[in-house]
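Colleague: Sequence unavailable; structure follows:
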């Protein structure tokens, strides 16, 4: 079986208006938690939490090993005088971002077409730092139905460009890792494919760049 692995954010969907790093939204997330549950955190408490979470953000301080949301929020809010269930805290924190997910118009039709052509379809995504898998998956139910295998950084334990996710995918499909085709939009996706090594197809949806595709429909010419 030929297997195509897709990055998700920026490749198949996006959170409208959100940058790659969400650090600038941390403050409003913690403020939302503080307000909803009347925890009495001061401005200084919130700013300290922002700095702690920022320290663990892999786009600020490089790391490949994934850390659980529970670990991150426990550390970020240990100095607050009052506490709540971590699940409530995390849900409210991300609600404070007012996220809006959109699936690109060509995504679902192309994934269906590739499946009909006999390709195995897998996803390999680095979750936004501190976001649980469950929250992210709530925003992409129509994509989950089309993946033969979904692998996140929490599932494999590592973030790209570590190849742990690709190794897991190759093992699942019973193919050599160098037989995979990886489609992604970031340099870390390119590095992941190079580390495997396997074929990489870059996608840039914002502008036409030589050597990249700008929509998934172009895949049919390259495969």
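Modeller: That came through, no problem. Small disclaimer: the values here were computed from a predicted structure and weren't measured.

Colleague: Quick one: neighbours of the residue nearest to residue 132 when sequence neighbours are not counted, just the number.
Modeller: Excluding its sequence neighbours, the residue lying closest to residue 132 (Cβ to Cβ, 6 or more residues apart in numbering) is residue 69, at 4.8 Å. Any C-beta I mention is one placed from the backbone N, CA and C, and that applies to glycine too. Using other Cβ atoms under 10 Å, residue 69 is surrounded by 22 other residues.

Colleague: and the lengthiest helix in the chain, what does it pack onto?
Modeller: Ranked by number of residues, the top helix in the chain under DSSP state H is helix 43-56. For helix 43-56, the elements it packs on are helix 26-36, helix 69-76, judged by 3 or more Cβ pairs under 8 Å, 6 or more residues apart in numbering; DSSP states H and E.

Colleague: Report all helices and strands that the shortest one contacts.
Modeller: Read that as helix 69-76. Checked by 3+ Cβ pairs under 8 Å, 6+ apart, helix 69-76 has helix 43-56, helix 86-95 packed alongside it.

Colleague: Scan this protein for its longest strand.
Modeller: Longest strand in the chain, counting residues (DSSP state E): strand 120-125.

Colleague: what number of residues lie near residue 181?
Modeller: The tally of other residues near residue 181 (other Cβ under 10 Å) stands at 18.

Colleague: If you count neighbours, what's buried in the helix or strand of the chain with the lowest mean pLDDT?
Modeller: Least confident helix or strand of the chain, by mean pLDDT, DSSP states H and E, is helix 219-222 with a mean of 92. In terms of neighbour count (16 or more other Cβ atoms under 10 Å), helix 219-222 has its buried residues at residue 219.

Colleague: give the contact list for the closest residue to residue 23 other than its chain neighbours.
Modeller: Excluding the flanking residues, the one nearest residue 23 by Cβ to Cβ, 6+ apart is residue 54, at 5.2 Å. Residue 54 makes contacts with 23, 26, 60, as judged by Cβ atoms under 8 Å, 6 or more residues apart in numbering.

Colleague: okay if I get those as JSON lines plus pLDDT and neighbour count?
Modeller: Listed next are these as JSON lines, based on pLDDT from 0 to 100; neighbours: other Cβ atoms under 10 Å:
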{"residue": "23", "pLDDT": "96", "neighbour count": "15"}
{"residue": "26", "pLDDT": "98", "neighbour count": "24"}
{"residue": "60", "pLDDT": "96", "neighbour count": "13"}
